[in-house]
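Student: Show me the folded form of this:
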Amino acid sequence: MDDNSSLTMNISGHPEHVDGTSAGEAILGAARAFVQGDAGKHTDGHDWPHIERVTALAVELAHRMGADPFVCELAALLHDVPDEKLNESLEAGMEKLNRWLDDQQLEPDTREAVVNIISTISFAGGQRPAVSSLEAQVVQDADRLDAMGAIGIARTFAFAGARGREMYDPALPPREQMTREEYRNGRSTTINHFYEKLFKLKDLMNTSYGKELAEQRHAFMVEFVEQFKREWEGTDR
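Tutor: The predicted structure is shown next:
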């Protein structure tokens with residue numbers, strides 16, 4: 001880095017402006033502004049409050065587990081930007097993400113770590129291998145926890161309503177094995193989604209604290225679905 005650069009390196013290895021303002025904080029601020037604008041158009045549970053919750057939990061998990069909090073926070077903020085559910089295609093979403101990253105002063109290793117996390121943490125029908133880096137484990141747990149519990153239930157019905165998916169059909173059983181394409185586009189119901197994804201998340205948590213929170217949220221979802229079915233069938237009276 002030459003003498004005319006506006007950046008120096010702080011003791012943690014992250015760049016810092018000579019005026020004392022952390023370049024990392026500037027990048028995180030830019031990410032928040034970018035994602036808030038991008039997520040603001042979504043009303044299907046992938047909105048800005050979802051990003052805020054996942055990011056706050058990812059930062060907490062990072063500190064608890066000893067992961068890099070900057071990488072976890074940035075990846076959590078950006079994790080839905082390329083999501084194929086929210087873009088014309090996964091490729092179009094990744095292009096949007098990379099255009100934004102091109103304008104940021106990130107170390108190549110940091111950028112690679114963030115992109116790798118975003119590219120590997122989605123459920124995608126449950127066919128993906130476990131993530132390897134601690135930072136990916138942290139962000140994946142944070143994102144999956146927001147798909148569980150009371151918030152997870154609300155988000156599931158918001159997404160299903162936005163996509164015109166029916167709530168429940170007792171004649172349509174949950175799918176056991178699915179390709180990524182079948183998971184995204186095959187016929188299902190909102191209640192089936194609990195069996196096809198949400199009930200599986202508890203056993204897919206990576207971190208000790210993530211597992212602890214998942215137990216509580218999983219139990220709440222199981223109770224909800226049981227009560228839903230009793231009311232649907234009229235056996236609660």
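
Student: got a pLDDT number for Glu212?
Tutor: The per-residue pLDDT reported for Glu212 equals 97.

Student: Identify each buried residue in the one helix or strand it maps to, please.
Tutor: Assessed by DSSP states H and E, Glu212 sits inside helix 208-233. Neighbour-count burial for helix 208-233, counted by 16 or more other C-beta atoms under 10 Å, picks out 209-210, 213-214, 217-218, 221, 224-225, 228. (Each C-beta comes from the backbone N, C-alpha and C, glycine too.)

Student: same thing with stretch 53-68?
Tutor: Neighbour counts over stretch 53-68 (16+ other C-beta under 10 Å) mark 53-55, 57-59, 61-62, 65, 67-68 as buried.

Student: And the strands in this protein?
Tutor: 7-9, 15-17 (DSSP state E).

Student: which stretch in the ones you listed has the least confidence?
Tutor: Lowest mean pLDDT within the strands of the chain: strand 7-9, a mean of 39.

Student: what are the ranges of the helices in the chain?
Tutor: Assignment of helices within the chain using DSSP state H yields the ranges 23-39, 48-65, 69-78, 90-102, 108-120, 134-145, 149-162, 180-185, 190-196, 208-233.

Student: distance between the first one and the chain's centre?
Tutor: Averaging C-alpha positions (C-alpha atoms, centre = their mean, to the nearest Å) puts helix 23-39 16 Å from its chain's average.

Student: Could you do stretch 157-165 as well?
Tutor: Taking the mean of its C-alpha atoms, stretch 157-165 sits 18 Å from the chain's own mean (C-alpha atoms, centre = their mean).

Student: which sections of this structure are below the confidence cut-off?
Tutor: Applying pLDDT under 70 to the chain flags residues 1-21, 125-127, 184-185.

Student: tell me the contacts of Asp187?
Tutor: Residue 187: Arg, not Asp. Arg187 makes contact with Leu172, according to C-beta atoms under 8 Å, 6 or more residues apart in numbering.

Student: Let's see that with 10 Å instead.
Tutor: Neighbouring residues of Arg187 by C-beta atoms under 10 Å, 6 or more residues apart in numbering: 165-166, 169, 172, 175.

Student: my guess is Glu107 contacts Leu74, does it?
Tutor: No: applying C-beta atoms under 10 Å, one finds Glu107 not in contact with Leu74, separated by 11.7 Å.
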